[in-house]
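**Q** Structure for the following, please:
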Amino acid sequence: MVAENIHFYSCQVASTNSVKMHKLRKQIAYLSEKESKAKDFVSLYIPAQSNVAQIIAALKKQPDCEVFESERAKERLQDTVKSITQRLREHREISENGLALFSGNYVDDGAEREVLSVKELIPPEPITAYLFAIDDHFQLEPLREMLRDQKIVGIIALDAKEACFGLLKGERIELIKSISSGVPGKTGKGGQSQRRYERERDMELTNFFHRIAEHAAEVFLTNHVNVLIAGGPGQTKNDFLKGEYLHYELDNMLLNIVDTQSAGKEALKEIFDKSSELLNNMCGPEERKIIQRLSAELAKPNGLATYGLDAVLGALSKGEVQVALVTDNTDVVESIAVCKKCGHAVKHIAKLGSQVISEMARTPCEKCGAVTYEIHQKDIVDVLEDMASKTNSAVEVISTPSKEKNQLKTLSGFAAILRYTTG
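**A** Residues are numbered from 1 along each chain as shown. Reported below is the predicted structural model:
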């Protein structure tokens with residue numbers, strides 16, 4: 001059986017990170033749908049700088065290391081491994097982000113029978129560990145890890161007695177460090193003794209604030225936090241945060257301040273719970289900035305912006321677009337019908353699931369009159385990318401649930417900031 005080789009380079013060469021992640025999501029969705037009745041799907045992850053010859057040699061030995069239910073199962077795996085080694089021979093070296101290959105026998109889109117396929121992907125982030133896996137589905141977790149929320153959230157809880165520093169990792173809050181102040185409580189003494197006591201206490205509290213700031217910088221900056229939320233009981237947290245103790249980078253990351261029952265470990269979860277809506281709706285600064293710019297241009301009488309799919313495609317074809325914007329859930333595709341008799345191709349862009357494909361399949365070919373076609377579909381982001389690449393334009397996919405994304409959805413999900421207008 002001849003292997004069908006399909007390359008997934010698009011997520012590496014895309015013009016922007018948002019497009020890379022969008023393409024990766026699409027490719028993960030495609031691969032995750034494939035299943036086998038036997039454990040003969042191979043997933044192979046190769047880090048950068050790996051020796052191709054050594055990997056090929058190891059792969060050739062792999063079927064002999066497995067236990068099979070039948071000779072047929074062994075033959076299928078041998079064919080699968082052979083298809084991967086043939087692909088690897090075309091590589092002199094592994095790219096700086098590594099290489100992932102997925103091979104197995106399955107019915108592909110629109111096919112009538114199983115085909116031994118090899119899917120090759122250079123991911124948008126480096127592969128860090130070698131992995132060879134055989135199963136009845138493809139092992140996609142290393143790719144899914146690259147799609148984890150890019151917001152790295154730091155949490156700080158404090159009062160006059162203690163401070164706790166935590167990180168949000170996935171859905172789990174991890175306590176990184178806690179410190180105590182040693183600052184005595186307030187006193188009911190009177191006269192000069194009380195004033196002296198309060199001055200000394202204020203000095204100790206100031207020293208504690210400096211310590212909190214030092215630990216915050218150590219914990220959060222080294223962990224590349226880009227969002228900070230804070231809380232604690234009473235006024236102490238506000239005195240600290242308004243007192244310019246925090247490193248300026250952390251101060252710029254501060255998203256929310258909340259009141260809590262304590263400043264201990266349990267307060268970290270309370271701070272997160274009270275900030276969860278803000279975090280869920282938080283648009284990245286790049287997305288926010290570009291949507292604000294779009295809105296400003298649209299508000300001008302002759303602003304450098306347009307919206308709607310037809311308008312954006314038209315502007316791209318004329319080279320007017322600086323950056324095209326699209327939401328990640330438009331469900332718009334380009335359908336391509338290729339005549340099996342003469343090879344003439346017809347393209348049409350419409351919503352996924354529309355009647356366009358059936359209408360294209362019923363319409364006689366304008367070149368030869370035949371009505372037998374091969375139908376291919378192309379994601380609208382790929383269409384925009386192809387057009388943008390010809391005029392050095394960029395494409396941004398707005399994917400974060402946010403008011404910015406909702407703004408773009410009200411504009412049909414498609415808009416563009418222009419270099420100039422010809423009107």
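
**Q** and the closest residue to I349 other than its chain neighbours, how many neighbours?
**A** Excluding the flanking residues, the one nearest I349 by CB to CB, 6 or more residues apart in numbering is E334, at 4.9 Å. Backbone N, C-alpha and C define where each C-beta goes, glycine included. When counting by other CB atoms under 10 Å, one arrives at 17 neighbours for E334.

**Q** looking at the sheet around E334, what are its partners?
**A** Using DSSP bridges, the beta-bridge partners of E334 come out as I349, K378.

**Q** ok, K37 - contacts?
**A** D136 (CB atoms under 8 Å, 6 or more residues apart in numbering).

**Q** so how far is I336 from it?
**A** Distance of K37 to I336, given as CB to CB, to the nearest Å: 32 Å.

**Q** With A73 instead?
**A** A73 is 37 Å from I336, by CB to CB.

**Q** Next: G104.
**A** 26 Å.

**Q** For the two, indicate the residue with more neighbours.
**A** Neighbour totals were compared for G104 and I336, and G104 leads with 30 against 16 (other CB under 10 Å).

**Q** Now do the phi/psi pair for that one.
**A** Main-chain torsions, G104, degrees, to the nearest 10: phi 180, psi 170.

**Q** Name whatever forms a beta bridge with the residue nearest to it when sequence neighbours are not counted.
**A** In this structure, G104 finds its nearest non-sequential neighbour in F41, 3.8 Å apart by CB to CB, 6+ apart. Per DSSP bridges, the residues bridged to F41 are D135.

**Q** Number of residues surrounding F41?
**A** Counted with other CB under 10 Å, F41 comes out at 24.

**Q** average pLDDT across the helix or strand harbouring V19?
**A** Element membership of V19 [criterion: DSSP states H and E] is helix 17-32. Looking at helix 17-32 alone, the average pLDDT works out to 84.

**Q** Where does V225 fall, secondary structure wise?
**A** Judged by DSSP H and E, V225 forms part of no helix or strand.

**Q** which residues sit in contact with it?
**A** Here V225 is in contact with I152, V153, G154, L167, L250, M253 (CB under 8 Å, 6+ apart).

**Q** Now tabulate the residues you listed in TSV and tack on pLDDT, secondary structure and neighbour count.
**A** What follows is those, written out as TSV (pLDDT from 0 to 100; DSSP: H, G, I helix; E, B strand; the rest coil; neighbours: other CB atoms under 10 Å):
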residue	pLDDT	secondary structure	neighbour count
I152	77	coil	17
V153	88	strand	22
G154	93	strand	25
L167	92	strand	18
L250	91	helix	20
M253	87	helix	19
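
**Q** Out of those residues, flag the one nearest to K119.
**A** Nearest to K119, judged by CB to CB, of these is I152 at 30.6 Å.

**Q** is it true that that closest one touches N226?
**A** Yes - if you go by CB atoms under 8 Å, I152 and N226 touch, sitting 5.5 Å apart.

**Q** which SS state does R196 fall under?
**A** Assigned by DSSP: H, G, I helix; E, B strand; the rest coil, the conformation of R196 is helix.

**Q** Over to V397?
**A** strand.

**Q** ok, it - contacts?
**A** V397 sits in contact with T16, S18, V19, M21, H22, V326, T327, D328, V381, where contact means CB under 8 Å, 6+ apart.

**Q** Could you find the closest non-adjacent residue to the fifth one?
**A** Distances taken as CB to CB, 6+ apart put V397 closest to H22, at 4.2 Å, once the chain neighbours are dropped.

**Q** Quick check: bridge partners of the one you found?
**A** V326.

**Q** Repeat that for E120.
**A** Beta-bridge partners for E120, by DSSP bridges, are H7, L101.

**Q** Surely it and S95 touch.
**A** No - judged on CB under 8 Å, E120 makes no contact with S95 at a distance of 10.9 Å.

**Q** Without its sequence neighbours, what residue ends up closest to T363?
**A** Nearest one to T363, counting by CB to CB, 6+ apart, is V371 at 7.4 Å.

**Q** Mind telling me the two of the contacts of V397 farthest from one another?
**A** Greatest spacing in the contacts of V397, by CB to CB: T16 and T327 (14.5 Å).

**Q** So between the two, which is more surrounded?
**A** Shown here are T16 and T327; by other CB under 10 Å, T327 has more neighbours (20 against 16).

**Q** Okay, helices next: where are they in the stretch 151-300 of the chain?
**A** Taking DSSP state H, counting those that start in this stretch as the criterion, the stretch 151-300 of the chain contains helices spanning 191-216, 222, 236-242, 248-253, 265-280, 285-299.

**Q** okay, these in TSV with distance to I84 next?
**A** Converted to TSV, those look like this (distance: least, CB to CB, whole Å):
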stretch	distance to I84
helix 191-216	48
helix 222	39
helix 236-242	55
helix 248-253	44
helix 265-280	40
helix 285-299	37
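
**Q** and L140, which of those is closest to it?
**A** Short answer: helix 265-280, nearest of the helices of the stretch 151-300 of the chain by CB to CB, at 24.6 Å.

**Q** What are the buried residues along that closest one?
**A** Residues of helix 265-280 classed as buried by neighbour count (16 or more other CB atoms under 10 Å): A267, L268, E270, I271, F272, K274, S275, L279.

**Q** Does the last one touch I271 like I think?
**A** No - with contact defined as CB under 8 Å, L279 does not count as touching I271 (10.8 Å).

**Q** Return every residue with contacts to both of those two.
**A** I229.

**Q** Within the helices and strands, which one has the residue lying closest to S295 once chain neighbours are set aside?
**A** Sequence neighbours aside, Q407 is the residue nearest to S295 in space, at 6.8 Å (criterion: CB to CB, 6+ apart). Take DSSP H and E as the rule and Q407 turns out to sit in helix 403-410.

**Q** Show me what that helix is packed up against.
**A** helix 285-299, strand 321-327, strand 394-398 (3 or more CB pairs under 8 Å, 6 or more residues apart in numbering; DSSP states H and E).

**Q** Of those, which is nearest A53?
**A** Here strand 394-398 is closest among the helices and strands packed on helix 403-410 (CB to CB), at 38.1 Å.

**Q** Rounded mean pLDDT for that closest one, please.
**A** On average, strand 394-398 scores 90.

**Q** Nothing else from me, thank you.
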